[in-house]
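>>> Give me a 3D structure for the following:
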Amino acid sequence: MKTPVALVTATLTAAILLAVTFLIATGTRGEGALPPAGTPARTVPTSPASK
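Reported below is the predicted structural model:
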């Protein structure tokens with residue numbers, strides 16, 4: 001009976017660690033992050049009032 005419990009525990013632990021890894025990876029992609037290679041650069045439109 002210990003084998004199924006250990007298997008479920010190991011699977012849930014791996015799933016939680018994978019989810020945390022993805023959350024950290026997506027959370028670090030902020031405004032200051034570089035775009036992925038091959039992505040065209042985005043330009044920010046300026047308002048007419050700033051001229």
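>>> sec struct for residue 38, please.
Recorded secondary structure, residue 38: coil (DSSP: H, G, I helix; E, B strand; the rest coil).
>>> Run through this structure and note the low-pLDDT ranges.
Applying pLDDT under 70 to the chain flags the ranges 1, 28-36, 39-45, 50-51.
>>> switch to 80 and redo it
Counting by pLDDT under 80, the chain contains low-confidence residues at 1-2, 26-51.
>>> Tell me where it has helices.
Using DSSP state H, the helices of the chain run over 2-27.
>>> Kindly tell me how buried residue 26 is, as a neighbour count.
Counted with other CB atoms under 10 Å, residues neighbouring residue 26 total 8. Using the backbone N, CA and C atoms, a C-beta is placed for each residue, glycine as well.
>>> tell me the contacts of it?
Shown in contact with residue 26 (CB atoms under 8 Å, 6 or more residues apart in numbering): no residues.
>>> Could you tell me how far it is located from residue 14?
19 Å (CB to CB, to the nearest Å).
>>> next one: residue 37
Distance, residue 37 to residue 14, by CB to CB: 30 Å.
>>> likewise residue 46?
Residue 46 sits at a distance of 48 Å from residue 14 (criterion: CB to CB).
>>> and what of residue 24?
Separation of residue 24 from residue 14 (CB to CB): 16 Å.
>>> circling back to that earlier point, please say which of residue 37 and residue 14 ends up with more neighbours.
Per other CB under 10 Å, whichever of residue 37 and residue 14 has more neighbours is residue 14, with 10 against 5.
>>> check contacts around the more buried one.
Neighbour list for residue 14: empty [criterion: CB under 8 Å, 6+ apart].
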